[in-house]
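Asker: no FASTA, just this:
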């Protein structure tokens, strides 16, 4: 392992940051977050030591979005619409959690380290430059592993109209990009034993987080967990016979899920078992990955006869050559904290799965 060095100019910038805080800098209209500012200052410090040898990587945490637009727009209806939509609830969680953590920067301050943020939304209204509303996305504009979205409009009215009907496109794109980032990380940092077992049992290749190292397995069911006291994540795998892709229908998949979980996932008390929470609707989506029909279900689980519960996401694929449906599911138990990022990690892992 190579040693890591931190140059003195980085510490100098940290002292500058402290001085800014003491002098009330964060009370101004520059509404970016403290972690974002600090990480940017450190990145600039490292780059200034030896700019030729430093590869700039995007800063920030998953689902953090920096919005850059005119101050008057930000304070008006456009800014309110952008904030409301970006902070819509992440799907299928027991308590509402915003999809994106939104920070703001006025155009005049958008320079230097602010350009290194992982997700940037640039909003521009200019009647002389644009004839219609457009959303354009680019990768790695100012740093690696970065996504820059440009939302351009000839007027505020047309932009508001677009936001009311198409903002899900922005949210879907952000989720997709964050999932791709983590999936790429998993390619180099995954649990090899888990992958070997899923290939052997179900001819399913998948990259799962390394910490999923506690397992219970038999010939028809695999169960892996990080077995954490806080923020527990679990992955299960099973298959059942199917004559055609019609058996990917929602009610059939839920019935099979409840049957398998009742048999294999007991609760803390005798007679307790996992089941789907039916007091809240599940989210079902039929997919077509190439020539392989598939489906995804997001919802809540509960422990019948116990007090446990949480969110789950389940992917199912119809394997025509073997006349079966293969299911991979992730679920979270974390009553003490937010669950979005745990579910993000599990679904990103499930998206790496493929039938061999």
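Answerer: That came in fine, so what should we check first? Computed from a prediction, not measured in an experiment: that's the story for all the values here.
Asker: going forward, measure contacts between C-alpha atoms and count neighbours the same way
Answerer: OK.
Asker: helices of the stretch 251-356 of the chain, residue ranges please.
Answerer: Per DSSP state H, counting those that start in this stretch, the stretch 251-356 of the chain carries helices over the ranges 340-350.
Asker: okay, now the unreliable bits of it?
Answerer: Low-confidence segments of the stretch 251-356 of the chain (pLDDT under 70): 289-290.
Asker: mind listing the strands for it?
Answerer: Assigned by DSSP state E, counting those that start in this stretch, the strands in the stretch 251-356 of the chain fall at 273-276, 283-289, 292-304, 309-319, 324-333, 354-355.
Asker: could I get these as CSV with mean neighbour count?
Answerer: Output for these, formatted as CSV (neighbours: other CA atoms under 10 Å):
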stretch, mean neighbour count
strand 273-276, 23
strand 283-289, 13
strand 292-304, 20
strand 309-319, 23
strand 324-333, 23
strand 354-355, 14
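Asker: which of those strands sits closest to residue 224?
Answerer: Among these, the nearest to residue 224 by CA to CA is strand 324-333 (9.5 Å).
Asker: relative to helix 340-350, how tilted is the closest one?
Answerer: Orientation check (axes from the mean of the first three to the mean of the last three CA atoms, to 10 degrees): strand 324-333 against helix 340-350 gives 160 degrees.
Asker: so what's the gap between strand 324-333 and the chain middle?
Answerer: Distance, stretch centre to chain centre, for strand 324-333: 18 Å (CA atoms, centre = their mean, to the nearest Å).
Asker: between that strand and strand 292-304, how many degrees?
Answerer: Relative orientation of strand 324-333 versus strand 292-304 (the same axes, to 10 degrees): 40 degrees.
Asker: packing partners for strand 324-333?
Answerer: Packing partners of strand 324-333 (3 or more CA pairs under 8 Å, 6 or more residues apart in numbering; DSSP states H and E): strand 232-241, strand 309-319, helix 340-350.
Asker: any buried residues in the shortest one, and which?
Answerer: Taking 16 or more other CA atoms under 10 Å as the neighbour-count basis, strand 232-241 is seen to contain the buried residues 232, 233, 234, 235, 236, 237, 238, 239.
Asker: so what does that strand touch, helix or strand wise?
Answerer: With contacts taken as 3+ CA pairs under 8 Å, 6+ apart, strand 232-241 sits against helix 192-202, strand 221-225, strand 324-333, helix 340-350.
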